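J.: Mind looking at a prediction? Sequence and model below.
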Amino acid sequence: MLLDPTPSEALTSHPPLTTEASDDELGEEAIDVTVGEEWVARIEVARQAAEILCRHMNVANGNINSFLKLTRS
């Protein structure tokens, strides 16, 4: 929960001023970040899939090693 500023804080607090030109003033187009967000989501899904595959491969490797130990005895 945020506290309300005291009257003296409210009178002396001002938003910072900027001297930089905005994108509209420079004539530049806004950058579309949705493509980047889609790639981040795809990479996360691929990372999770690789993690699951790795776990299954470790289980399979353990099963193969157990099988080999049984057949060698």
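T.: Nice, thanks for sending it over.
J.: for this structure, which spans come out with low pLDDT?
T.: 1-28, 73 (pLDDT under 70).
J.: which stretches of it form helices?
T.: Ranges of helices in the chain, per DSSP state H, are 7-12, 23-26, 34-72.
J.: Stretch 29-40: end-to-end distance?
T.: Using Cα to Cα, to the nearest Å, the end-to-end distance of stretch 29-40 comes out at 22 Å.
J.: hang on, the earlier thing: could you dump the helices of the chain into TSV and include mean neighbour count?
T.: Just so you know, the C-beta spots here come from the backbone N, C-alpha and C atoms, and that holds for glycine as well. Converted to TSV, those look like this (neighbours: other Cβ atoms under 10 Å):
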stretch	mean neighbour count
helix 7-12	9
helix 23-26	9
helix 34-72	10
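J.: residues touching residue 53, list them.
T.: Neighbour list for residue 53: empty [criterion: Cβ atoms under 8 Å, 6 or more residues apart in numbering].
J.: so how far is residue 31 from it?
T.: To residue 31, residue 53 is 35 Å away according to Cβ to Cβ, to the nearest Å.
J.: Thank you kindly, that will do.
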